[in-house]
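# sharing a model prediction with you, sequence too.
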Amino acid sequence: NIIAHSRLVTTDAWIVPLVFAATFSLYKYLQNKSRGWLISFAILGFISLLTKYSAVPIAALWLILIFIFEFKDSKTKSFLKKALKSLLKPVLIILVWVLALTTVYGFRFSTLAETNHADTARTESHLDNLSSVERFSVPLANVLKDAYVNFKVPFPEYVQGFFENVLLHDASGHDAFLFGMYAKHGWWYFFPLTMAVKMPVPALIGILALFIFAGWSIYSFIKHTRASKDTRSYLSKHLSLKPVHILIIIPVFFYLLSMKSSINIGMRHILIVLPFIYLGIALLIDRFWNKNLVIKIFVLVLGGWYIFSAASIYPHYLEYFNELAGGPENGYRYLLDSNLSWGQDGGFVQEYINEIPPEIDIHRDPLEEYDDGLIIIDADLLMGRDVNKRPKTAWIREPFLAGEWEPIDRIAFTHFVFDSKDRPE
């Protein structure tokens, strides 16, 4: 999945190492209080914020964690002084990030409405969306609308982008497809099911092993807690928050936040959690590697299987679906959009078309019915993910899913080729 999005001109792959490196730098700082690691975290965190809006909620959690650890480790007795002192570093980092963002955006200060330039329809649309807050509080809705038009902010394009691409997008939803189901506001279980069919089986086995180990650890902890003579001391020692815990807190937080989102577009939205998962699997392997020969052989087999999965799908990485889903040939039955077809196979389609004799009519991604020639249609369009286009391709989709109209060919797992002569009456 990371390889697939590394080949596309998007920010989905870039944000993955940045968030992981920033979180690791924060972990090292909290572990030894090194100023170098704090500076490293601040720089990597800022670049993460510049790269993708997904980093915004993560950045908020980073700062909260810094405050919590600073408060926990402070020797100051006064609660108020302790809290104020603990806020110092998070506030300083916020100021640095704000100044850096302001610099990157050319020290521009303007209202969000002004970023729309002469597009009054866009401004009116945003104000209408803000009016929806009236169902909770009319005064708050009025304040927000007034701020949108009159309040000047630094880096306004960044703020406007977050408002449009995250907040409004999540509120309005996105046409989604999951295992033959359609929805506008998604499903809470979208990403767990997506991982189940999009991640290599060896990785899924590794995740299962992590859950089993976590369950065993919890059981062992409860058992030792009951057996301990000084329960309070035992709990204090083993339940205290440690720097290493942020390597669990960050991915779990982001994954749960993603499950709550109504933007169920694709696996790319949770790529951020993958390095943390693989780190956990690697640590688990290291823990049990020398236990016995069977474990070594099992891990090596899974590693070989994983490498084969990555190599065998070349160059169609985005279309990868694991063996549980029946491979990439059956991917269209489970997921669409950026999980399968995102326009990346246009070159393969054009090569296919170039080989077709010129006297044969070709209808590419048709939104109206044809009784002649060949029909080449994208899987996303064929399966009707887009609610507005869904009725316009039903004449192909319905007989196809009923087994009454079979494609004569497939192009790169993402496009189907139908001969109009085979269309059932």
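Yep, it's here.
# so where's the chain shaky on pLDDT?
The model of the chain has pLDDT under 70 over residues 225-239.
# show me where it has its strands.
109-110, 153-154, 176-178, 181-183, 362-364, 374-378, 409-411, 415-419 (DSSP state E).
# what helices or strands is the last one leaning on?
If I follow you right, that is strand 415-419. helix 346-354, strand 374-378, helix 379-382, helix 394-401, strand 409-411 (3 or more Cβ pairs under 8 Å, 6 or more residues apart in numbering; DSSP states H and E). Where you see a C-beta, it was placed from the backbone N, CA and C, and this is true even at glycine.
# neighbouring strands of the last one in the sheet, and parallel or not?
Sheet pairing of strand 409-411 (DSSP bridges) gives strand 415-419 (antiparallel).
# quick check: angle from the partner strand to strand 374-378?
Relative orientation of strand 415-419 and strand 374-378, computed by axes from the mean of the first three to the mean of the last three Cα atoms, to 10 degrees: 160 degrees.
# wait, which of the strands of the chain is closest to Ile285?
Closest to Ile285 of the strands of the chain is strand 176-178 (Cβ to Cβ; 32.0 Å).
# wait, doesn't Ile249 sit right on Ile64?
No. Using Cβ atoms under 8 Å, Ile249 is not in contact with Ile64, being 9.8 Å away.
# spit out the contact partners of the residue nearest to Trp342 when sequence neighbours are not counted.
In this structure, Trp342 finds its nearest non-sequential neighbour in Leu318, 6.4 Å apart by Cβ to Cβ, 6 or more residues apart in numbering. Counting by Cβ atoms under 8 Å, 6 or more residues apart in numbering, Leu318 makes contact with 4-5, 8, 338-342, 344.
# same deal with Ile205?
Leu302.
# ok, now how distant is it from Phe288?
Ile205 sits 14 Å away from Phe288, going by Cβ to Cβ, to the nearest Å.
# just the contacts of Leu318 now: which is nearest Ala60?
Closest to Ala60 out of the contacts of Leu318 is His5 (24.5 Å), distances taken as Cβ to Cβ.
# one step back: can you say which of the contacts of Leu318 are buried?
Buried residues within the contacts of Leu318, counting neighbours by 16 or more other Cβ atoms under 10 Å: 4-5, 8, 338-342, 344.
# ok, of those residues, which one's closest to Leu26?
Checking those against Leu26 with Cβ to Cβ, the nearest one is His5 at 24.5 Å.
# the closest one contacts Ile15, correct?
No. His5 is beyond contact range of Ile15, at 9.9 Å (criterion: Cβ under 8 Å).
# overlap of the contact sets of those two?
Common neighbours of His5 and Ile15 (Cβ under 8 Å, 6+ apart) are Leu271.
# returning to that earlier point: among the contacts of Leu318, which are in helices?
4-5 (DSSP state H).
# reformat the contacts of Leu318 as TSV; add distance to Arg108.
Output for the contacts of Leu318, formatted as TSV (distance: Cβ to Cβ, whole Å):
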residue	distance to Arg108
Ala4	36
His5	31
Leu8	30
Ser338	32
Asn339	37
Leu340	39
Ser341	38
Trp342	32
Gln344	35
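# name the nearest of the contacts of Leu318 relative to Trp405.
Of the contacts of Leu318, the one sitting nearest to Trp405 (Cβ to Cβ) turns out to be Ser341, at 19.7 Å.
# next up, the contacts around the closest one.
318-319, 378-380, 414-415.
# pick the one among those residues closest to Tyr189.
Among those, Asp380 lies closest to Tyr189 (Cβ to Cβ), at 21.2 Å.
# how many neighbours does Trp62 have?
Neighbour count for Trp62, taken as other Cβ atoms under 10 Å: 24.
# let me fix that, I meant to ask about His117.
Using other Cβ under 10 Å: His117 sits among 9 other residues.
# need phi/psi at it.
Here is the backbone geometry of His117 (degrees, to the nearest 10): phi 60, psi -120.
# in TSV: the strands of the chain, plus distance to Gly280 and mean neighbour count.
Listed next are these as TSV, based on distance: least, Cβ to Cβ, whole Å; neighbours: other Cβ atoms under 10 Å:
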stretch	distance to Gly280	mean neighbour count
strand 109-110	44	14
strand 153-154	38	16
strand 176-178	26	22
strand 181-183	31	13
strand 362-364	45	15
strand 374-378	37	22
strand 409-411	37	15
strand 415-419	38	21
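# what's the closest of those strands to Leu130?
Going by Cβ to Cβ, the one of the strands of the chain nearest Leu130 is strand 153-154, 15.1 Å.
# returning to what we had before: out of the buried ones among the contacts of Leu318, which is nearest to Ala100?
The closest of the buried ones among the contacts of Leu318, once distances to Ala100 are taken by Cβ to Cβ, is His5, at 26.1 Å.
# how much space between the closest one and Thr115?
28 Å.
# now do Ala55
With distances taken as Cβ to Cβ, Ala55 is found 21 Å from Thr115.
# and these two? Which one has more around it.
Per other Cβ under 10 Å, whichever of Ala55 and Thr115 has more neighbours is Ala55, with 24 against 20.
# that one against Val16, yeah?
No. Counting by Cβ under 8 Å, Ala55 does not reach Val16; the two are 10.9 Å apart.
# now render the helices and strands packed on strand 415-419 as a markdown table, adding distance to Gly45.
As requested, the helices and strands packed on strand 415-419 are exported to a markdown table (distance: least, Cβ to Cβ, whole Å):
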| stretch | distance to Gly45 |
| --- | --- |
| helix 346-354 | 36 |
| strand 374-378 | 38 |
| helix 379-382 | 35 |
| helix 394-401 | 45 |
| strand 409-411 | 42 |
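# fine, thanks again, bye for now.
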